[in-house]
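>>> I need the structure of the sequence given here:
(one chain, ligands or ions: 2)
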Amino acid sequence: MSRSAPYQPLWLKILHGVSGILAIAAIITGFLVYNTFDGRFGKLAIPRISTIIDIHGTFAVFFFFIFPAFALYSFHAGDKRLLQQNSLQNLTQVGRPIWWVSLQKIANTLMLIASVLAVLSGRMMKEEWLPTGQLNHAWYYLHLIGWVFMVGCLALHILMSSNVGGVPLLLSIFSWKVRPEDSPTQWFSRLQNWLSNLSANSGGGINHFMQNNFPLGVIEVIVVGGILAALILPLFAGGE
Ligand code: HEM
Ligand code: HEM
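Ligands and ions are numbered 1, 2, ... in the order given. This is a model prediction of the structure:
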């Protein structure tokens, strides 16, 4: 990195900040839903909150709104921060800096996969299941697995980012400093640039296939497919 302090693009900070806060709120309120109505795998002695499902549903549905934008940003403008063609090979260089960088990119990518699992399984759940004691629905178990996966990946994501860039990198994602070329006054011309580049290349996961990042192309298809399924499947679901 040429400049001393790590810098994150403004759009990344906005999308990452909003979806990060909503995801963490969904993780916390989701746990409280589990703690209130289930508790089979362990339980904290905290008061029951009767409206907790609605509170969770609110954070969750807002996360579901913003997540597609964040995911598309990450796969395209931010794809250098995700799994690279050589990331998996680099994992053989245990302990070398490239190993940590590869792990960090893998952890970033896992956040997107964990999110889509939690979102899809959550969308397939019915509000009335848990209050009526229906704790054995497959989608509910998947949603619980989604929670565990999210917590695990978030820990890995923060650990790896701090390992690669330390506290300055962690803080850079929350910093309000904006470089002139990133300022909102430049957005229109940058949008035009971006659109003309987009029509020059073919869009979607195809981009990654063309640029030889086959694994990321596959992951993008899975994540975007999961988002579309989360949008459409609940309309037809009888609820298993
Ligand atoms: C132990 C953890 C969790 C439990 C017990 C839980 C429970 C629930 C329940 C009961 C619903 C149905 C309520 C409704 O449709 O309004 C739901 C929906 C949902 N949950 Fe969770 N949740 C957990 C974790 C998470 C996490 C970590 C995320 C994502 C980051 C998440 C995202 C969603 C989404 C997107 C919906 C659908 C909202 C909607 O369309 O109305 N959940 N969850
Ligand atoms: C306190 C919580 C968090 C911190 C401190 C944090 C920190 C960071 C940092 C420093 C980066 C930039 C890495 C780089 O420049 O190489 C990053 C990227 C990323 N984060 Fe987080 N993060 C947090 C929560 C989350 C959550 C909850 C999600 C998922 C919903 C998430 C998903 C991502 C993704 C997908 C990227 C890559 C973005 C891109 O490709 O441009 N993060 N995070």
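>>> rest of the way, CA atoms for contacts and neighbours
Noted.
>>> and the spatially most central residue of the chain, what is it in contact with?
Nearest to the mean C-alpha position of the chain, by C-alpha atoms, centre = their mean, lies residue 112 at 3.5 Å. By C-alpha atoms under 8 Å, 6 or more residues apart in numbering, residue 112 lies in contact with 71, 223.
>>> so how many other residues sit close to residue 167?
11 (other C-alpha atoms under 10 Å).
>>> ditto for residue 132
Residue 132 is flanked by 9 other residues according to other C-alpha under 10 Å.
>>> Equivalent analysis for residue 182, please.
For residue 182, the neighbour count with other C-alpha under 10 Å is 14.
>>> what's the answer for residue 123, then?
Neighbourhood size, residue 123 [other C-alpha under 10 Å]: 22.
>>> repeat for residue 39
Here the number of neighbours of residue 39 (other C-alpha under 10 Å) works out to 13.
>>> SS state for it?
Put simply, residue 39 is coil when judged by DSSP: H, G, I helix; E, B strand; the rest coil.
>>> give the contact list for it.
So residue 39 contacts nothing (C-alpha under 8 Å, 6+ apart).
>>> what's the spacing between it and ligand 2?
Here the criterion is C-alpha to the nearest ligand atom, to the nearest Å. By it, residue 39 lies 24 Å from ligand 2.
>>> cool, and residue 231?
Going from residue 231 to ligand 2 by C-alpha to the nearest ligand atom gives 18 Å.
>>> Residue 177 now?
15 Å.
>>> likewise residue 215?
With C-alpha to the nearest ligand atom as the criterion, residue 215 and ligand 2 are 15 Å apart.
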